[in-house]
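Peer 1: Okay, sequence plus prediction incoming.
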Amino acid sequence: MPIEKLTEEEAKEELRRLAELIAYHDRLYYLEDQPEISDADYDALRLRNEAIEKQFPHLGREDSPSLRVGAPLLGPFKKVHHRKEMLSLDNGFNDQDVYDFMERIRRFLNIPSETPIDLVAEPKIDGLSATLEYHKNRFVLGATRGDGVEGEDITENLKTLKDIPAQIEAKDFPGITEIRGEVYMRHEDFLVMNQEREAQGQPLFANPRNAAAGSVRQLDASVTAKRPLKFFAYGCDEYAPFNVQTHWEFLEKLKQWGFVVNPLAKLCTTVDDVLAYYHELESKRATLPYDIDGIVYKVNRIDWQTRMGSSTRAPRWALAHKFPAEQAQTRLNDILIQVGRTGALTPVAILRPVTVGGVVVSRASLHNEDEIARKDVRVGDTVVIQRAGDVIPQIVRVIEEKRASDSHPFSFPHTCPVCGSHAVRLPEEVVRKCIGGLVCGAQAALRLRHFVSRDAFDIEGFGSKHVEAFYQEGLIQSPADIFTLEERDRQSLTPLRNREGWGDLSAKNLFKAISARRKISLHRFIYALGIPQVGQATAKLLARHYVSYERWQAAMREAKTPGGEAYTDLMAIDGVGPSVSADLIAFFDEPHNREILTSLLKEVTVGDEKPRATSSSLFANKTIVFTGTLEHMTRAEAKVRAEALGAKVASSVSAKTDYVIVGEDPGSKGKAAKVLGVSILTEEEWLKAAGE
Ligand code: IVH
């Protein structure tokens, strides 16, 4: 929907959806090195998010993607707090954006039109950024960008790169500093590596960027050492110690100190220079030995850079001018439906292989069923595809003149191709999702991990790794299997205690931990089921409302009748809207899910919930402010919970505030509370008082 037409309510919902979606794609891209959408589509999401925020500034979310770069960290690596944040870059997509960029600089610094503004133009390398800390001229710490504030410690891995000097002898090297740049892989190295992987039956990397990212995040540095990784240096945390006046001088120094600087970097003095350089490289792009996805322009004078500073996301003195997509024509041989780990059905176009921008392409993303319908893409069509300097090519359009007369529109399946459960699409959603969560082979491992996790069944010592391994081996297919594991193990020829990594004691402990959870509270049980949109807060609302499992499940099944009593009752719960209701109803409507519940309930007992007396709540009609990082829940969830207790949640502390709940690093709001004498509660105290 066009942004101008959004009502405030719709804009709010759209911002929520975009924050969630962008966070999801950030994770795939930065953490799992498995992006699902093209860079161009990703950029479009971010641009839309920013445009809506501009139109409705007061709706800006705390978790807005425009306040953050990259993804939160999850991996097994040690975290590194960057001394200076690792920012991203603002993007430009056409010549006009570059003129605007120059105009902005002129206005910001008040530079008269006759004074030239020198820019350094550098290829934007499509790899992953890394920062290298030097202490007494020795390379001591290397880290990924992570979310820009904290990265992952990949020192040992980076030490294996020849392009990264371990020790710098030069007298003019400041000794203590951070050098930043891009880790990447050359095309030919990437191809050889993938051929070797194929020969060994290992999964292939989709492109050099993913290969580089996957290689640098290996737990065993000797694996990284065998990967053909390279590094271009292009920046630092701050220029001050280097004693240079310009970025160009800085690049010269980097070379003298033994770093590899991209040889195509160029000092430009006019916009026309810059654009000529851009178009020249654009035409050379396919022949370069590595992927670049645009040109980065940087203000050359460092004093000007300093004056311009940065926004929360990117420096104002730089611009990434992206290349347009490279296109080709080919035949669409088939449309496959893949099921993701979250149950989303994603159509994938299987293409007659064709070369686009130097890469052979045989698959393309079709996004979702609306996209197929909108473009009227049919099996057998000749299509135009493009690689927007990125990973997964997209289908731009169909060449209708070339369509066979007997072709027919594609009909999107309404059942899951993996497990046969219903695949439903909720109103206002674009994806169709398999709702067989716990039975669906594509999703089960993820759902089982959720099932045993801390806030769900909380089975001690049963980590994700074990769950995943047991699932892969067929030991556990559904939640009930967890509780029959001990019995089956007793009769097994290969009992757990004899397996690698297990012993008598650890096997016994696991069974004990499982047994200890045969009794569970209703809210944990509901949460454990992993019903879409039913997080902890919603699970609690439901549990308190329905009190017993019996009542809850009966109500969910009856709620199927729209407008009926059960449906009205469900919708009347504060915090449950039509979308959550639809997910709950869909879950119970799927016979596979009901079977799962039946077998699970043979193994576990669900205790009744204490109904909550709202009016007696300590927080009823009180104004609460949250500050700092909460350990047990997100801010959004804390808000829902507080509101469910009858409280009003405010964003700033004033004399009207009744309680300030402080998490870690409370900052200025914590101070304000002290000054105003407002009651301060720790997160634990709050949870207790809130009846947890
Ligand atoms: S400068 C504060 N220069 O692009 C500015 N970045 O979209 C920091 N990148 O995270 C970046 N080539 O990973 C810069 N010559 C170059 C680059 C470059 C690739 C990457 C870098 C950055 C991303 C931003």
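Peer 2: Here it is on my side, so go on. Numbers count the residues shown, from 1 in each chain.
Peer 1: Name the residues of the protein found near the ligand, please.
Peer 2: Proximity of the chain to the ligand (C-beta under 6 Å from any ligand atom) is limited to residues 87-89, 122, 124-125, 129, 145, 182, 234-235, 296, 315, 318, 320. (Glycine included, C-beta is placed from N, CA and C.)
Peer 1: tally of neighbours for V296?
Peer 2: V296 has 21 neighbouring residues, counting by other C-beta atoms under 10 Å.
Peer 1: tell me the contacts of it?
Peer 2: Counting by C-beta atoms under 8 Å, 6 or more residues apart in numbering, V296 touches L89, A121, E122, P123, K124, Y234, A318, L319, A320, H321.
Peer 1: could you measure whichever residue of the stretch 501-650 of the chain sits closest to the ligand against E683, distance?
Peer 2: Residue nearest to the ligand within the stretch 501-650 of the chain: T629 (24.6 Å; C-beta to the nearest ligand atom). The gap separating T629 from E683 is 9 Å, by C-beta to C-beta, to the nearest Å.
Peer 1: what's the overlap in contacts for these two?
Peer 2: With C-beta under 8 Å, 6+ apart, T629 and E683 have common neighbours G663.
Peer 1: okay, the two: which has more neighbours?
Peer 2: Ranked by neighbour count (other C-beta under 10 Å), T629 and E683 place E683 first, with 19 against 13.
Peer 1: Which residues are in contact with that one?
Peer 2: L630, E631, H632, I661, V662, G663 are the contacts of E683 under C-beta under 8 Å, 6+ apart.
Peer 1: quick one: K622 and Y659 touch, right?
Peer 2: Yes - the pair formed by K622 and Y659 meets the contact definition of C-beta atoms under 8 Å, at 6.2 Å.
Peer 1: who has more neighbours, those two?
Peer 2: Between K622 and Y659, Y659 has the larger neighbour count (other C-beta under 10 Å), namely 22 against 17.
Peer 1: pretty sure that one contacts T627?
Peer 2: No - between Y659 and T627 there is no contact under C-beta under 8 Å: 11.1 Å.
Peer 1: Kindly state the pLDDT recorded for the closest residue to Q305 other than its chain neighbours?
Peer 2: Of all residues not flanking Q305 in the chain, W317 sits nearest, at 4.3 Å (C-beta to C-beta, 6 or more residues apart in numbering). You'll see W317 listed with a pLDDT of 97.
Peer 1: re the thing from before, for the contacts of V296, work out which two are farthest apart.
Peer 2: Y234 and H321 (15.2 Å; C-beta to C-beta).
Peer 1: Point me to the residue of this protein nearest the ligand.
Peer 2: S129 (3.1 Å).
Peer 1: Quick check: that residue is in a helix.
Peer 2: No - S129: not assigned to a helix; according to DSSP: H, G, I helix; E, B strand; the rest coil it is strand.
Peer 1: Mind listing the residues bridging to it?
Peer 2: S129 has these beta-bridge partners by DSSP bridges: E182.
Peer 1: count of neighbours near it?
Peer 2: For S129, using other C-beta under 10 Å, the count is 21.
Peer 1: What pLDDT is listed against it?
Peer 2: 96.
Peer 1: what bits of this structure have low per-residue confidence?
Peer 2: 31-33, 68-75, 357-359, 388-392, 611-617, 636, 691-692 (pLDDT under 70).
Peer 1: now do 50
Peer 2: Low-confidence segments of the chain (pLDDT under 50): 389.
Peer 1: What is the helix ranked longest in it packed up against?
Peer 2: In the chain, taking DSSP state H as the definition, the longest helix is helix 8-26. Judged by 3 or more C-beta pairs under 8 Å, 6 or more residues apart in numbering; DSSP states H and E, the packing partners of helix 8-26 are helix 39-55.
Peer 1: who does the helix or strand just after the helix it packs on pair up with?
Peer 2: Beyond helix 39-55 on the C-terminal side, the first helix or strand identified by DSSP states H and E is strand 79-81. Under the criterion DSSP bridges, strand 79-81 sits next to strand 150-152 (antiparallel) in its sheet.
Peer 1: How about A480, nearest residue that isn't a chain neighbour?
Peer 2: Closest to A480 by C-beta to C-beta, 6+ apart is S599, at 4.0 Å.
Peer 1: now do T346
Peer 2: Nearest non-adjacent residue to T346 (C-beta to C-beta, 6+ apart): Q338, at 5.0 Å.
Peer 1: Backbone torsions only: list them for that neighbour.
Peer 2: For Q338, the backbone dihedrals (degrees, to the nearest 10) come out as phi -100, psi 150.
Peer 1: again, but for E178
Peer 2: phi -120, psi 130.
Peer 1: do V396 as well
Peer 2: Per degrees, to the nearest 10, the backbone of V396 is at phi -80, psi -50.
Peer 1: Would you check how far apart it and L366 are?
Peer 2: 12 Å.
Peer 1: on that earlier part again, isn't the residue nearest to T346 right up against V348?
Peer 2: Yes - taking C-beta under 8 Å as the definition, Q338 is a contact partner of V348 at 5.6 Å.
Peer 1: Compare neighbour counts for those two and give me the winner.
Peer 2: V348 (16 against 13).
Peer 1: which residues does the nearest residue to E603 once chain neighbours are set aside contact?
Peer 2: Residue nearest to E603 in three dimensions, not counting chain neighbours: F483, with 3.6 Å by C-beta to C-beta, 6+ apart. By C-beta under 8 Å, 6+ apart, the contact set of F483 is I514, R518, L600, E603, V604.
Peer 1: same question, L541
Peer 2: Taking C-beta under 8 Å, 6+ apart, we find L541 in contact with I573, D574, G575, V576, V640, A644.
Peer 1: would you list the residues you listed in TSV and tack on neighbour count?
Peer 2: Converted to TSV, the contacts of L541 look like this (neighbours: other C-beta atoms under 10 Å):
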residue	neighbour count
I573	17
D574	12
G575	15
V576	18
V640	20
A644	21
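Peer 1: thinking again about what came up before, would you mind confirming that the residue nearest to Q305 makes contact with I105?
Peer 2: Yes - counting by C-beta under 8 Å, I105 is a contact partner of W317 at 7.1 Å.
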